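Asker: Sequence first, predicted model second:
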Amino acid sequence: MRMARKTEERRAKLRETLIDVAETQITQGGLLSLKARDVAREAGCALGAIYTHFEDMQALIMAVNGRTFRKLGATVTGAVREHAPDDPHEQLVVMSHAYLAFAAENTRLWRALFDLEMSTDGAVPNWYLQELASVFALIAAPLKQIYPDKTPPELDLSVRGLFSAVHGIVLLGLERRISAVPMNQIELMITDHQFTDHILE
């Protein structure tokens, strides 16, 4: 029993180490820089050990992305809690600015959330969908205050539409920063009430 517990602890520790290493490599070089041999070398294990913990490299990336989703959710939640706006429209603005800040500070990890190509022959794990749903739930709360009569499917559509719109601005805005577009201008694009109203209606 004791030996089995120690073995399980070693396995769990190595799994976390593999995620740590993969996270660091993505942070430093982006998703395309992640190589199984490099991960194994940095983790101090055999190449095959990766595949005793993860079905494939995509599963390892998804584990990293799960962490990123949780960090993103914590960032957005913390921003709303700190500013504590009563108006749901203002809450959405605060969330959007927090999303922009997170993406700017963790660009490669953030990009990995969307650059990962999901396998077409396998289902996306429930835990991964739940991580994404937890982010959408943050947006849904103020939207439900704004539109209390919307049905759940209608509300979900509004959530996804607003997220997609803000994500597009953030993505294009961060890419345009190469041409010296300052962060405050990206924030202004997000805050523009005409843009927000158009998306929500």
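Answerer: Perfect, I can see it now. Residues are numbered from 1 along each chain as shown.

Asker: packing partners for the helix or strand where residue 7 lies?
Answerer: If you go by DSSP states H and E, residue 7 is part of helix 2-29. Applying 3 or more C-beta pairs under 8 Å, 6 or more residues apart in numbering; DSSP states H and E, one finds that helix 2-29 contacts helix 36-43, helix 47-53, helix 57-83, helix 107-115. All C-beta atoms are positioned from the backbone trio N, CA, C, and that covers glycine.

Asker: ok, residues contacting the first one?
Answerer: Taking contacts as C-beta atoms under 8 Å, 6 or more residues apart in numbering, the residues outside helix 36-43 that touch it are 14, 17-18, 21-22, 24-25, 46-47, 49-50, 57, 60.

Asker: Next up, phi/psi of residue 45, please.
Answerer: Per-residue torsions, residue 45: phi -140, psi 170 (degrees, to the nearest 10).

Asker: So for it, what's the nearest residue that isn't a sequence neighbour?
Answerer: Leaving aside its chain neighbours, residue 45 sits nearest to residue 14 (6.2 Å; criterion: C-beta to C-beta, 6 or more residues apart in numbering).

Asker: Distance of that neighbour relative to residue 49?
Answerer: 7 Å (C-beta to C-beta, to the nearest Å).

Asker: Over to residue 154?
Answerer: Remark: distance between residue 154 and residue 49 (C-beta to C-beta) = 48 Å.

Asker: higher neighbour count, the two?
Answerer: More neighbours surround residue 49 than the other of residue 154 and residue 49, with 17 against 11 (other C-beta atoms under 10 Å).

Asker: wait, residue 67 sits on residue 19?
Answerer: Yes: applying C-beta atoms under 8 Å as the test, residue 67 and residue 19 come out as touching, 6.9 Å apart.

Asker: of these two, who's got more company?
Answerer: Taking neighbours as other C-beta under 10 Å, residue 67 and residue 19 compare with residue 19 leading, 20 against 15.

Asker: Identify the residues contacting the nearest residue in space to the more buried one that is not next to it in sequence.
Answerer: The shortest distance from residue 19 to any non-neighbouring residue, by C-beta to C-beta, 6+ apart, is to residue 63 (5.0 Å). With contact set as C-beta under 8 Å, 6+ apart, residue 63 has these partners: 19, 22, 54.

Asker: Show the pLDDT at residue 63.
Answerer: Predicted confidence (pLDDT) for residue 63: 94.
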